[in-house]
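Asker: Sequence and predicted structure are below.
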Amino acid sequence: MPPVSLARPQTINVAEGMTLKAVAASLDRQQIIKSPVAFIFFVRLLASDGDIKAGNYFFNGRDNIVTVARRLIDSDHGFNYVRVTVPEGSASPEIARYFKEKLSLINEERLAARARPY
C-alpha cells in the first residue's frame with residue numbers, strides 16, 4: 001500500500017498503555033496510514049505479541065504501512081539526534097556558533113540576540 005501524502009511532517013504520541021487498536025485509529029486520523037485493519041495485521045505479523053513501543057514518533061509522509069508498523073515495533077522514532085558540546089564559560093555568540101555548526105537551520109544571529117544572561 002503506498003504511503004499517504006501528509007500535508008506537513010508531524011509528530012505523533014503513542015502513550016504508554018495505548019491499545020494497538022487505539023494507536024491504529026490515531027494513525028488513521030492523522031493520515032499516517034490508510035487502513036487501521038491492515039496496520040494491526042502487519043504489527044501482529046511482524047511482532048507475534050503485537051507489542052509496539054510508547055513514545056513520540058516523527059512522520060514525514062514517506063513511510064508505507066509496513067514501515068510504520070516496523071518503526072513502532074522497533075521504537076524507531078524518526079528523530080535525528082545531534083550532540084552539541086558547549087565549553088563552560090562560553091558567551092552567547094559563541095554558543096550560537098556551536099549550534100549553527102551542528103544544526104544548519106539555526107539562525108545564529110537571532111539565537112545570540114535572544115539569549116539572556118543568568
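Answerer: On my side now, so go ahead.
Asker: A helix includes residue 22, no?
Answerer: Yes. The assignment for residue 22 by DSSP: H, G, I helix; E, B strand; the rest coil puts it in a helix.
Asker: State the distance from it to residue 105.
Answerer: Per C-beta to C-beta, to the nearest Å, residue 22 is found 34 Å from residue 105. Where C-beta positions appear, they are placed from N, C-alpha and C, glycine not excepted.
Asker: where do the helices sit along this structure?
Answerer: 20-29, 36-46, 65-74, 92-102, 108-114 (DSSP state H).
Asker: CSV for those, including distance to residue 86?
Answerer: Shown next, in CSV, are the helices of the chain (distance: least, C-beta to C-beta, whole Å):
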stretch, distance to residue 86
helix 20-29, 37
helix 36-46, 41
helix 65-74, 32
helix 92-102, 5
helix 108-114, 12
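Asker: possible to save those helices as CSV with mean neighbour count and distance to residue 58?
Answerer: Listed next are those as CSV, based on neighbours: other C-beta atoms under 10 Å; distance: least, C-beta to C-beta, whole Å:
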stretch, mean neighbour count, distance to residue 58
helix 20-29, 17, 13
helix 36-46, 17, 17
helix 65-74, 19, 10
helix 92-102, 15, 18
helix 108-114, 13, 23
